[in-house]
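**Student:** Below are the sequence and a predicted model for it; my questions follow.
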Amino acid sequence: MRNGSTAPKPEKRSAVQAQAACVCGAVRLEIDVPGVWAWHDHGEASRKAQGCADATYVGSWKSRMRILAGDAHLTRFEDAERRTTRSFCAGCGTPMLYERARSPKIVNIPRALFTSRTGREPRYHMNLGEKPDWAWSGGPLVPLKGYPGVLWERPKRKKPADAIDSLFSAED
Ligand SMILES: [Zn+2]
């Protein structure tokens, strides 16, 4: 032990790793736990790239992320305008890595790919100005009659004057 402590000193690789895999299982990777941070991206680019309302990522130091299998299956898309690179599994299309030029030492990995805890809760939100109006805002849901397992968000009741306006505004 370099510092003279009797406690075992962790090596550069931390004691705990979190593993992630694509849908088909060809690409597997791991990060050292804890990750740097975890965040929700409400921006248009991630929304399209991942096909969802918002994308939740765990950021890891690149030096603390290892591709365990399937490196040859990773296909890269470089977005020159946004200065980002997205890597996905060529076999099943799962988005795997999201790199941004503004944070060159960090690689972002979709939280959904991890099978265990990453040591970071996603408490941060970015690009909220690009959040679409159809994304669920977390409002109350109630069961939909006759469709077990389906919940729905009741439309907000409009004021009578608004309702009448909307009936006529389409043609006027
Ligand atoms: Zn795959």
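**Tutor:** Received the coordinates, thanks. Only a predicted model underlies this, so the values are computations on that prediction, with no experimental measurement involved.

**Student:** For Arg154, which non-adjacent residue is closest in space?
**Tutor:** Leaving aside its chain neighbours, Arg154 sits nearest to Val142 (6.4 Å; criterion: Cβ to Cβ, 6 or more residues apart in numbering). For every residue, glycine as well, the C-beta is placed using N, CA and C.

**Student:** Next, give phi and psi for the one you found.
**Tutor:** phi -130, psi 150 (degrees, to the nearest 10).

**Student:** what's near enough to touch Phe88?
**Tutor:** Going by Cβ atoms under 8 Å, 6 or more residues apart in numbering, Phe88 touches 22, 74-75, 77, 94-96.

**Student:** Now with 6 Å, please.
**Tutor:** Contact analysis of Phe88 by Cβ atoms under 6 Å, 6 or more residues apart in numbering lists 75, 95-96.

**Student:** ditto for Val107
**Tutor:** Per Cβ under 6 Å, 6+ apart, neighbours of Val107: 60, 62, 65, 97, 99.

**Student:** By neighbour count, which of the residues you listed wins?
**Tutor:** Ser60 (29 neighbours; other Cβ atoms under 10 Å).

**Student:** In the sheet, which residues pair with the residue nearest the centre of the chain? Tell me.
**Tutor:** The centroid of the chain falls nearest to Thr56 when counting by Cα atoms, centre = their mean (2.3 Å). Bridge pairing for Thr56 (DSSP bridges) gives the partners His40.
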